[in-house]
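K.L.:
quick check, what structure comes out for this input:
(2 chains)
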Amino acid sequence: MKLDAMYQEIILDHYRNPHHKGLRDPFNAESHHINPTCGDEVTLRVALDPAGAELDSAATVADVSYDSMGCSISQASASVMADLLIGKTVDEGLAVLDEFTTLMQSRGQGEPDEDVLEDAVAFAGVSQYPARIKCALLAWMAWKDATAKSLATEKEGAA
Amino acid sequence: MTARELDVEAIRADFPILARSVRDERPLVYLDSGATSQKPRQVLDAEREFYEHHNAAVHRGAHQLAEEATDAYEAARATIAAFIGAQTDEVVFTKNATEAVNLVAYAMSNAATAGDEFARMVVGPGDEVVVTEMEHHANLVPWQELCRRTGATLRWFGLTDEGRLDLSDLDELVNERTKLVALAHQSNVLGTVNPVATIAARAREVGALVLLDGAQSVPHMPVDVAALDADFLVFSGHKMLGPNGIGVLWGRRELLAGMPPFISGGSMIGVVRMEGATWADPPQRFEAGVPMAPQAVGLAAACDYLSAIGMDNVAAHEHALVEYALKQVGSIEGVRIIGPTDADGRGGAVSFTVEGIHPHDVGQVLDDRGLAVRVGHHCAWPLHRRYSVIATTRASFYLYNSFADVDALADGIREAQRFFGVARS
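P.N.:
Below you'll find the predicted structure:
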C-alpha cells in the first residue's frame, strides 16, 4: 500500500491543523490561483520587510497569509510553505521553491535536502503521482506570483 | 423487463485491459467510462485489419488500396448512421464530439458572410442561443464563443435541487428570438436524461434548432434520431468502445446543405481556382484533409459489437447497476449524491461528495485499491457551482461493469472515511 507513503503523518497533521491560515493585513501583494483541472483555489498574500531603502529580493518575508479550498495535499502544502518561508529572505525563499519544485518533478526518485525543505520533505511521495503535483505546487506558485507582484509594484512606485 | 441479462464475464473477456492489475497487483476496477470507454478486441482487430490490408488515403487515388480504403470508410459511415437511425449522408466525421459542436457553432458564424443560401444559420445581435447549466464545457464554451463573435445572447435553463432541468420558464427561455437550443441528452455528471421531446416541441413552435450532445447517451442507450426530433446530434467514438480521434455530427440533410464549412482544405472542395473555391456537398464539405478512415472502421466495429449485444440490454444492465450504486453508495453516511437519487430517467454516471474528504483524496484512496474513477469538476464547472461543491468523485458504468464493482466502490469509500478519520460509526 503506497497510500501511507503519500499521506505521511506530517501532511495529515498540517491538513487538519493548517498553520498561518486566514488572510491578514498588512500585505504588499495578493495572488489568486486556481487549479483548472479540479477547481481548487488559493488566495495568498505576501508581506515583505525591506532590507534597505528599497524593496528588493533581499527583503524578508514578514508574513504569508492565505485562504484556500482544496484537497489534503494542496492544503497541507500551503501550511508547510508558510512555515518555511516566513522569516526567510525572498532570495532564500526562491531557493527553497527551486528545491521543492525539483523534488516534485523527481517521480519518486528525489533525495530531498531536509535542511532546506524541513517538513516539506514529506511531499516526496506525492511526486510519484503526476496528477497530484499541481496540488502540491498550487500555494507555492501563488507565493511566487504575489512576491513578484510585490517587487514589481515597488519598482513602479520608484519610477 | 424483457431485456436479456448481460453475460458480464463473457463481455469482459473481450476487453484485454480489464484483465490487468494496477498499483501493486490490484485487479483493475474501471469506473471511468464516462471519460473514455475501454475497447474490445473486435474494435482493435478491425483497426489493425484496415492498416494491415487496406490502408490508403480515402477519396484520393485510383489504385486498388485507395478503392478498398474508401469503400471501408464509406461502409463505416453507413454502419454508424444505421446505429442511430440516420441517413448515411447525414453523418459527418469529426475528431470528437467537441469538434462536432464547434463545427455547428462556426458554421453559424461563418454563415454571415457565406451568401443568401446560408441565411438560415446566421446569428447576430437580438438572437438568442439557449443552453443548460448542466452542460459539459464542450457544449457550453463553443456557444459562449459564438455569442461573443456574433453579438447574440446566451441564455440557459437552470437546474432543480434534485438534479433535473428546471423547465418552469421553458416558454420564456425558448422564444421567437431563439436560434438554437443546445443541450445534453444525458448529463455526464448528474446522469440525468433530459426531456428532449418537451424542449424540442417548444423549439419547433418558435422555429429554433435543437442540438443534442449525445456523448453520454449514444454509448449507453438506444438512440434513434428520427424519434428524437432534434436537428443535430453529436457524439464521440472513444466513449462507445470505439477508437480515439473520431466523433460524429449528425444533422438533418437540408440543414447540413445550408451550412458553410468550418475547416477548409483538401477533399471539401468542388472547384478550386486561384481566386477562390466552391464547396463539396455534405458530408464531404465538413471533412477537410485525409480523414480518419481506420478510426471510422474501428467505430463501425464498435457499433456492430454494441448492436450484437443490443442497446436495450446495455441500457437495462446499466440501469440495474446505477440503481444498486445509488443504494450502496448513497446509503453511506456522509455521502451526498449530486444528481437524481432515483434511477428512473437517469443513466450510469454517479457523482458524489464524501463529507470531510476532498474528491482528490477520495480518488487517491480508490486508486490505491485499483478503482479508476474521475475526480474534479468533470468539465462541468458551472454545474458544480450550482450545487455549491468545488468538485465531485464520479463513478461511471458500462456494459463490462458488474455488481461486484459497485461493492468495491462502496468498500473503497468506507476505507477513505477510515483513512481520513471521518467515519462516524
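
K.L.:
sec struct for the residue nearest to the spatial centre of chain A, please.
P.N.:
With distances taken as CA atoms, centre = their mean, residue A:140 lies nearest the centre of chain A, 3.1 Å away. Classification of residue A:140 by DSSP: H, G, I helix; E, B strand; the rest coil places it in helix.

K.L.:
list the buried residues in the biggest helix by length in chain B.
P.N.:
Ordering each helix of chain B by length in residues (DSSP state H) puts helix B:64-83 first. Buried residues in helix B:64-83, defined by neighbour count with 16 or more other CB atoms under 10 Å in any protein chain shown: B:66, B:68-70, B:72-74, B:76-77, B:79-81, B:83. In this view, the C-beta of every residue, glycine as well, is placed from N, C-alpha and C.

K.L.:
chain A: which of those residues is nearest?
P.N.:
Of all the buried residues of helix B:64-83, residue B:80 has the smallest distance to chain A: 31.5 Å, by CB to the nearest CB.

K.L.:
so who does the residue nearest to the centre of chain A touch?
P.N.:
With contact taken as CB atoms under 8 Å, 6 or more residues apart in numbering or on different chains, residue A:140 is in contact with A:77, A:81, A:97, A:100-101.

K.L.:
same check on residue A:52?
P.N.:
By CB under 8 Å, 6+ apart, the residues touching residue A:52 are residue A:58.

K.L.:
next one: it from residue A:59, what distance?
P.N.:
Taking CB to CB, to the nearest Å as the criterion, residue A:52 is separated from residue A:59 by 9 Å.

K.L.:
and if you look at residue B:235?
P.N.:
Counting by CB to CB, the gap from residue B:235 to residue A:59 is 56 Å.

K.L.:
so how far is residue B:382 from residue B:307?
P.N.:
Residue B:307 sits 36 Å away from residue B:382, going by CB to CB.

K.L.:
how about residue B:316?
P.N.:
32 Å.

K.L.:
got it, and residue B:275?
P.N.:
Residue B:275 is 45 Å from residue B:382, where distance means CB to CB.

K.L.:
could you export the buried residues of helix B:64-83 as CSV, including pLDDT and distance to residue B:320?
P.N.:
Below are the buried residues of helix B:64-83 laid out as CSV (pLDDT from 0 to 100; distance: CB to CB, whole Å):
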residue, pLDDT, distance to residue B:320
B:66, 95, 47
B:68, 96, 42
B:69, 97, 41
B:70, 96, 42
B:72, 98, 37
B:73, 98, 37
B:74, 97, 38
B:76, 98, 32
B:77, 98, 33
B:79, 98, 28
B:80, 98, 27
B:81, 98, 30
B:83, 98, 23
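
K.L.:
closest to residue B:335 out of the residues you listed?
P.N.:
Checking these against residue B:335 by CB to CB gives residue B:83 as the nearest, at 36.1 Å.

K.L.:
phi and psi next, for residue B:29.
P.N.:
Note on residue B:29: backbone dihedrals following degrees, to the nearest 10 are phi -120, psi 100.

K.L.:
any idea how far it is from residue B:241?
P.N.:
18 Å.

K.L.:
backbone dihedrals for the residue nearest to residue A:60 when sequence neighbours are not counted, both of them.
P.N.:
Taking CB to CB, 6 or more residues apart in numbering or on different chains, and ignoring the residues beside it in sequence, residue A:60 has residue A:49 as its nearest neighbour in space, at 4.5 Å. In terms of degrees, to the nearest 10, the main-chain angles of residue A:49 are phi -100, psi 120.

K.L.:
low-confidence ranges, chain A, go.
P.N.:
The model of chain A has pLDDT under 70 over residues A:1, A:154-159.

K.L.:
got the residues of it near chain B?
P.N.:
When proximity is defined as CB under 8 Å from any CB of the partner chain, chain A approaches chain B at A:1-3, A:6-7, A:12, A:37-41, A:69-73, A:129, A:132, A:135.

K.L.:
what is the neighbour count of residue B:376?
P.N.:
23 (other CB atoms under 10 Å in any protein chain shown).

K.L.:
count the residues that sit near the closest residue to it other than its chain neighbours.
P.N.:
Once flanking residues are discounted, residue B:376 sits nearest to residue A:38: 4.3 Å by CB to CB, 6+ apart. Neighbour count of residue A:38, defined by other CB under 10 Å: 23.

K.L.:
residue B:39 now?
P.N.:
23.

K.L.:
closest one of the contacts of residue A:140 to residue B:422?
P.N.:
residue A:77 (20.5 Å).

K.L.:
does that closest one touch residue A:143 like I think?
P.N.:
No. In terms of CB atoms under 8 Å, residue A:77 does not count as a neighbour of residue A:143; the distance is 10.6 Å.

K.L.:
neighbour count for these two, which is higher?
P.N.:
Taking other CB under 10 Å, residue A:77 and residue A:143 do not tie; residue A:77 has more neighbours (29 against 26).

K.L.:
so where does the more buried one fall, helix or strand?
P.N.:
Element membership for residue A:77, per DSSP states H and E: helix A:72-85.

K.L.:
same check, this time on residue B:129
P.N.:
Since the elements are taken from DSSP H and E, residue B:129 ends up inside strand B:128-132.

K.L.:
quick one on the thing from earlier: the more surrounded of residue B:275 and residue B:382?
P.N.:
Set residue B:275 next to residue B:382 and count neighbours by other CB under 10 Å: residue B:382 wins out with 16 against 5.
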